[in-house]
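Novice: sequence first, predicted coordinates after that:
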Amino acid sequence: MNKFFAAISRAPKRTAGLAIIAAAVLVPAALFAWGPDRPTFTMEVPASYVTFNSITNNPTQGDERNFVQIKEDTAPASAYGENVTLQPGKTYDVYSFYHNNAASNLNDAAHNYAGIAKNAFMRTQMPATVKSGEKARITSFVGASNSNPSQVWDEAYATATSDVALRYVPNSAVIHSNGAVNGATLPDSLFTTGTPLGYDKLDGTVPGCNQYAGYVVYKFTVDQPNFEVTKQVSKNGANTYGESVTVNPGDEVQYKIQYKNNGTTQQNDVAIRDALPAGVSYVAGTTEVSNSKTNGQWTKTIDGVTSPSGLAIGAYAPTGNAYVKFTAKIADNDKLAKCGVNTLVNTATAVTNNGNKSDTANVVVSKTCAPGTPVLCTVPGKETLPVNSPDCVTAPVTELPTTGMTENIVSVLGLGALIAAIAYYVTSRRAVAQR
């Protein structure tokens, strides 16, 4: 079995990497999950039958039962270990070692080729998504139709600090071996039914001995769909956008909405939907869009942003964004809901395949009412109430009454009555005293 190490020393640099990476993963298997429980062997006393990854003192691999490791893609080979913390946008490498532990003298015709694994395979699995705080299991299985046990498995772990998705990098699964299969790309069946291993070719034939051992490395990326939406408003033509604007009844305003993909994966079929409050109406034909397809220029588009389905604005790669703006008219004075200050809250929503997010902008407009008209306030979760209601959180200031001749007469009469009442009280007290 020492032929393997001799082969490494004679092999080109592209195959010598096996020993370099394997040497970086010497970790006591007792600390980690593997299975099934099975007889173990040593380099000095190998197995007398076909079995995989059961030698405990492999000079390059250590305990072969611990045969799956993981690291960040840009980290050196020495960084391979049992755990990583997943970071959105980064790529990770998974390493899976395989070795038929049968003694090399069992490979010949005199022993009826009893040491050669038939239909040898590797299969791997990982979750598609990982919740925040969860530890994902990255598992590989190695076996053959004539091995005992029929397959063995080991795990590495990836911990998420936020909800993420794991995506296999296409065509990244590559086998490394001292044989002719070195550098071959493995099919996607590696993640489903499994894929054949081999030495001269990927036909499932793996003779016993360390010379015929190898490993597979594949990559996956960590995606985190995310986006933001912001809403602003300006008096039409002023081009002074903010979270709130104060206008007069009957004025026009312009709403501007920005969508931005700040995740790590493309978002398709994005739509912008705007819900206008009572007292605000859409001005037909005013919707414009600005994105990479318009070269950042405002371009007229169809109406629909205020419809239930919203305005479709396309697909956006990470960091991609788009703006939508349109004009709306504020109701005339007599059409506003209540006397005094009205705050009209407008909500814009970005609709994506990864969920929806919303933001608001306010238009503040005052309604002038005739004298004596009760000024109302709006209490969240309740009906509009008179301003003197104890449920009103902040009572708006009402108009002072307009004074005229009638009011002055009433005031004089009221003052005279008050003086007369005081005089009567003083006179009555004197009369009591004289008694």
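Specialist: All right, it came through fine.
Novice: what bridges to residue 289?
Specialist: Per DSSP bridges, the residues bridged to residue 289 are residue 299, residue 324.
Novice: mind listing the strands for the stretch 101-250 of the chain?
Specialist: Using DSSP state E, counting those that start in this stretch, the strands of the stretch 101-250 of the chain run over 121-125, 129-130, 135-143, 151-160, 164-168, 174-177, 195-196, 214-223, 228-235, 244-247.
Novice: what's the burial count for residue 302?
Specialist: 10 (other Cβ atoms under 10 Å). Backbone N, C-alpha and C define where each C-beta goes, glycine included.
Novice: what's near enough to touch it?
Specialist: Residues in contact with residue 302 (Cβ atoms under 8 Å, 6 or more residues apart in numbering) are 287, 311.
Novice: so that it lines up with my notes, have the first residue be 22 from now on.
Specialist: Understood, numbering begins at 22; the last thing we discussed is residue 323.
Novice: which helix or strand contains it?
Specialist: Following DSSP states H and E, there is no helix or strand that holds residue 323.
Novice: could I get the buried residue list for stretch 83-98?
Specialist: For stretch 83-98, the neighbour count (16 or more other Cβ atoms under 10 Å) marks 83-92, 98 as buried.
Novice: same question, stretch 287-297
Specialist: For stretch 287-297, by 16+ other Cβ under 10 Å, it's 288, 291-295, 297.
Novice: in JSON lines: these, plus pLDDT and distance to residue 148.
Specialist: Shown next, in JSON lines, are the buried residues of stretch 287-297 (pLDDT from 0 to 100; distance: Cβ to Cβ, whole Å):
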{"residue": "288", "pLDDT": "94", "distance to residue 148": "22"}
{"residue": "291", "pLDDT": "97", "distance to residue 148": "26"}
{"residue": "292", "pLDDT": "97", "distance to residue 148": "30"}
{"residue": "293", "pLDDT": "98", "distance to residue 148": "33"}
{"residue": "294", "pLDDT": "97", "distance to residue 148": "32"}
{"residue": "295", "pLDDT": "97", "distance to residue 148": "37"}
{"residue": "297", "pLDDT": "96", "distance to residue 148": "42"}
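Novice: could I get those as CSV with secondary structure and distance to residue 369?
Specialist: Putting the buried residues of stretch 287-297 into CSV (DSSP: H, G, I helix; E, B strand; the rest coil; distance: Cβ to Cβ, whole Å) gives the following:
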residue, secondary structure, distance to residue 369
288, strand, 17
291, strand, 13
292, strand, 11
293, strand, 7
294, strand, 7
295, strand, 5
297, coil, 10
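Novice: I'd like the strands of the stretch 122-271 of the chain as JSON lines, with mean pLDDT, mean neighbour count and distance to residue 227 appended.
Specialist: Converted to JSON lines, those look like this (pLDDT from 0 to 100; neighbours: other Cβ atoms under 10 Å; distance: least, Cβ to Cβ, whole Å):
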{"stretch": "strand 142-146", "mean pLDDT": "97", "mean neighbour count": "21", "distance to residue 227": "10"}
{"stretch": "strand 150-151", "mean pLDDT": "94", "mean neighbour count": "17", "distance to residue 227": "33"}
{"stretch": "strand 156-164", "mean pLDDT": "97", "mean neighbour count": "21", "distance to residue 227": "10"}
{"stretch": "strand 172-181", "mean pLDDT": "97", "mean neighbour count": "21", "distance to residue 227": "13"}
{"stretch": "strand 185-189", "mean pLDDT": "94", "mean neighbour count": "19", "distance to residue 227": "24"}
{"stretch": "strand 195-198", "mean pLDDT": "98", "mean neighbour count": "21", "distance to residue 227": "9"}
{"stretch": "strand 216-217", "mean pLDDT": "98", "mean neighbour count": "20", "distance to residue 227": "9"}
{"stretch": "strand 235-244", "mean pLDDT": "97", "mean neighbour count": "21", "distance to residue 227": "8"}
{"stretch": "strand 249-256", "mean pLDDT": "97", "mean neighbour count": "19", "distance to residue 227": "52"}
{"stretch": "strand 265-268", "mean pLDDT": "97", "mean neighbour count": "17", "distance to residue 227": "71"}
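Novice: report the helix or strand with the lowest average pLDDT across this structure.
Specialist: Lowest on mean pLDDT, DSSP states H and E among the helices and strands of the chain sits helix 34-44, with a mean of 32.
Novice: touching the next helix or strand along the chain from that helix from outside, list them.
Specialist: Helices and strands here follow DSSP H and E; after helix 34-44, the next one along the chain is strand 55-56. For strand 55-56, contacts defined as Cβ under 8 Å, 6+ apart pick out 86-88, 173-176.
Novice: which stretches of the stretch 322-456 of the chain form helices?
Specialist: In the stretch 322-456 of the chain, the helices defined using DSSP state H, counting those that start in this stretch lie at 426-455.
Novice: give me the neighbour count for residue 314.
Specialist: Residue 314 has 12 nearby residues by other Cβ under 10 Å.
Novice: how about the residue nearest to it when sequence neighbours are not counted, what does it touch?
Specialist: Using Cβ to Cβ, 6 or more residues apart in numbering and skipping residues adjacent in sequence, the residue nearest residue 314 is residue 335, 7.0 Å away. When contacts are counted by Cβ under 8 Å, 6+ apart, residue 335 touches 291, 312, 314, 343.
Novice: again, only using 10 Å
Specialist: Contacts for residue 335 were tallied using Cβ atoms under 10 Å, 6 or more residues apart in numbering; they are 288-292, 310, 312-314, 341, 343.
Novice: ok, now residue 262?
Specialist: 251-256, 275-277, 346, 382.
Novice: please tabulate the residues you listed in TSV and include distance to residue 204 as additional columns.
Specialist: TSV is the format used below for the contacts of residue 262 (distance: Cβ to Cβ, whole Å):
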residue	distance to residue 204
251	49
252	53
253	55
254	59
255	60
256	66
275	59
276	57
277	53
346	54
382	57
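Novice: what's the farthest-apart pair in those residues?
Specialist: Greatest spatial distance in those: 251 and 256, 18.6 Å, computed using Cβ to Cβ.
Novice: wait, isn't residue 266 in contact with residue 258?
Specialist: No: using Cβ atoms under 10 Å, residue 266 is not in contact with residue 258; the gap is 12.0 Å.
Novice: what is in contact with these two at once?
Specialist: In contact with both residue 266 and residue 258: 274-275, using Cβ under 10 Å, 6+ apart.
Novice: what ranges in the protein fall below the confidence cut-off?
Specialist: 22-53, 393-456 (pLDDT under 70).
Novice: give me the distance between the closest residue to residue 239 other than its chain neighbours and residue 205.
Specialist: Closest residue to residue 239 in three dimensions, ignoring its sequence neighbours and counting by Cβ to Cβ, 6+ apart: residue 194, at 3.8 Å. Applying Cβ to Cβ, to the nearest Å, the value for residue 194 to residue 205 is 10 Å.
Novice: ok, now residue 95?
Specialist: Relative to residue 205, residue 95 is positioned 24 Å away (Cβ to Cβ).
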